[in-house]
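Q: Just a sequence and a predicted model for now, questions to come.
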Amino acid sequence: MIDHVGFAVADLVRSRAFYVSALAPLGFAPVMDVTREQSGGYAGTGFGPPGRPQFWIGNGDARGGSMHVAFVAGSRAAVDAFHKAALAAGGRDNGAPGLRPHYHENYYGAFVFDPDGHNIEAVCHLPEP
């Protein structure tokens, strides 16, 4: 349904470094960088699988409040690795990896706050092998 999503960050360099580390265990990496000249005022980075920027961060007017973004993980181990990498990159814990059966019996997720306080999640919906 959604092609891509993005939001403004306070410090593009700091947030880019955070997301490079945090999203690597999920198989996502920077796919495209755009300059203000290319976009007409927005400088940012698009992350995703190769050739497909689906998650964007960039400079711009910060909005009030925080966002919640959940990334698909291919395994529970990838959720664990995301959480560890995100904390090592400066994220703050908002929920250790584990089952959340109130969503459904195989919902395995982990949550961190990014440098701007956005709630970032990795989730695996698969049963444990």
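A: Sure thing, it's come through. Just so it is clear, the model here is predicted, and its values are computed rather than measured.
Q: do you know how far the residue nearest to Arg36 when sequence neighbours are not counted is from Val5?
A: Nearest residue to Arg36, sequence neighbours excluded (CB to CB, 6 or more residues apart in numbering): Ala43, at 4.9 Å. C-betas here are computed from N, CA, C, even on glycine. Ala43 is 17 Å from Val5, where distance means CB to CB, to the nearest Å.
Q: next one: Val34
A: To Val5, Val34 is 15 Å away according to CB to CB.
Q: and the two? which has more neighbours close in?
A: More crowded of Val34 and Val5, by other CB atoms under 10 Å: Val34, with 16 against 10.
Q: Surely that one is in contact with Gly41?
A: No: with contact defined as CB atoms under 8 Å, Val34 does not count as touching Gly41 (10.3 Å).
Q: At which residues are the helices of this structure located?
A: Assigned by DSSP state H, the helices in the chain fall at 12-23, 36-39, 76-88.
Q: and the second one, what's its mean pLDDT?
A: Meaning helix 36-39. In this model, helix 36-39 has a mean pLDDT of 88.
Q: Contacts made by that helix with the rest, please.
A: Contacts to helix 36-39, defined as CB atoms under 8 Å, 6 or more residues apart in numbering, come from residues Tyr42, Ala43, Asn59.
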